[in-house]
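J.: return atomic coordinates for the entry below.
(one chain, ligands or ions: 2)
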Amino acid sequence: MESVIVAIDGPSGTGKSSTSKAVAAKLGLSYLDTGAQYRAITWWMISNGVDVTDAEAVANAASKPVIVSGTDPARPTITVDGADASGPIRTEEVTSKVSAVSAVPEVRSLITELQRSIARGAETGIVVEGRDIGTTVLPDADLKIFLTASPEARAARRSGELKGVDVHATKEALIKRDAADSSRKTSPLAKAGDAVEVDTTELTLDQVIECVVTLVEEKRAAVK
Ligand SMILES: Nc1ncnc2c1ncn2[C@@H]1O[C@H](COP(=O)(O)OP(=O)(O)O)[C@@H](O)[C@H]1O
Ligand SMILES: Nc1ccn([C@@H]2O[C@H](COP(=O)(O)OP(=O)(O)O)[C@@H](O)[C@H]2O)c(=O)n1
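T.: Numbering: from 1, shown residues only. Ligands and ions are numbered 1, 2, ... in the order given. From the prediction side, this is the model:
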């Protein structure tokens, strides 16, 4: 296999970003964080005074921001209209509003096209992580992984990152976002029929990385 495309989906805090970056780095592949792109467009909407609860206003503005993702797993970058957005897209305000913006069909079709063109341009292959990569963005991916973990484990991991934030509040916010992402009409968070499900609750990050690397290597060996 000359180039390999790996889709990694799952809810928040299951380990998608950490696993995808490490797998891409180990195998010499590019890396794309699609959640960062939805966060970036959300940040632009907030900064430009667009009411994110007004789906029509969001749809009308969706094509305005220019979002550029750098795909080096050692140094992922994201810019909006040329400005570094990596810090501002991680604020609590963006996190609480991103599901409303990402549910708008016009936003999804624009971002999906952007993701497909980035994947096409990755010479050695790419690991793309998100919610709908295996089902919608790259349905022909060579390998699809769906990561899961208990809400308790996911909340503990997330609140470990955000110092001083209450685990209970983190868990509630996380469950609310998963419910919104799973119930939207256009390409909801879902496991593709042909995805391999990996429950990471009792696994260390290294074990998850090893598991995915082995699955990619098995795929590559099978088509040689
Ligand atoms: N298997 C694991 N065990 C313990 N901590 C983990 C595991 N996988 C990821 N983490 C940690 O949990 C946090 C969230 O992981 P991340 O990769 O950002 O998840 P996602 O992209 O699915 O939201 C990070 O701090 C990461 O280091
Ligand atoms: N492929 C994707 C990726 C993210 N998203 C949206 O973007 C949000 C942020 O994704 P993320 O991956 O940065 O979220 P975390 O799990 O890292 O907190 C999700 O809650 C979804 O609303 C999406 O709709 N489709």
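J.: mind checking which helix or strand of this structure has the lowest mean pLDDT?
T.: Ranked by mean pLDDT, DSSP states H and E, the weakest helix or strand in the chain is helix 151-161, scoring a mean of 88.
J.: enumerate the residues of this structure near ligand 1.
T.: Residues of the chain lying close to ligand 1 (CB under 6 Å from any ligand atom) are 10, 12-18, 157, 161, 200, 203-205, 208. In short, each C-beta sits where N, CA and C put it, glycine included.
J.: just to revisit the earlier point, list the helices and strands the least confident helix or strand of the chain packs on?
T.: Helices and strands touching helix 151-161, by 3 or more CB pairs under 8 Å, 6 or more residues apart in numbering; DSSP states H and E, are helix 167-183.
J.: hmm, back to that, for PyMOL, what selects the buried ones among the residues of the chain next to ligand 1?
T.: A single PyMOL command selects the buried members of these (16 or more other CB atoms under 10 Å):
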select buried, resi 10+12+13+14+15+16+17+157+200+203+208
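J.: what is the lowest-pLDDT residue among the residues of the chain next to ligand 1?
T.: Among the residues of the chain next to ligand 1, residue 161 carries the lowest pLDDT, at 72.
J.: give the contact list for that residue.
T.: For residue 161, the contact set (CB atoms under 8 Å, 6 or more residues apart in numbering) is empty.
J.: next one: phi and psi at residue 8?
T.: phi -120, psi 110 (degrees, to the nearest 10).
J.: ignore what I typed, I meant residue 129.
T.: phi -120, psi 140.
J.: now do the contacts for residue 94.
T.: 39, 42-43, 46, 88.
J.: next one: phi and psi at it?
T.: According to degrees, to the nearest 10, residue 94 has phi -60, psi -40.
J.: can you tell me how far it is from residue 80?
T.: Counting by CB to CB, to the nearest Å, the gap from residue 94 to residue 80 is 12 Å.
J.: pull up the overlap in contacts between these two.
T.: Listed as contacting both residue 94 and residue 80 by CB under 8 Å, 6+ apart are residue 43.
J.: all good on my end, thank you.
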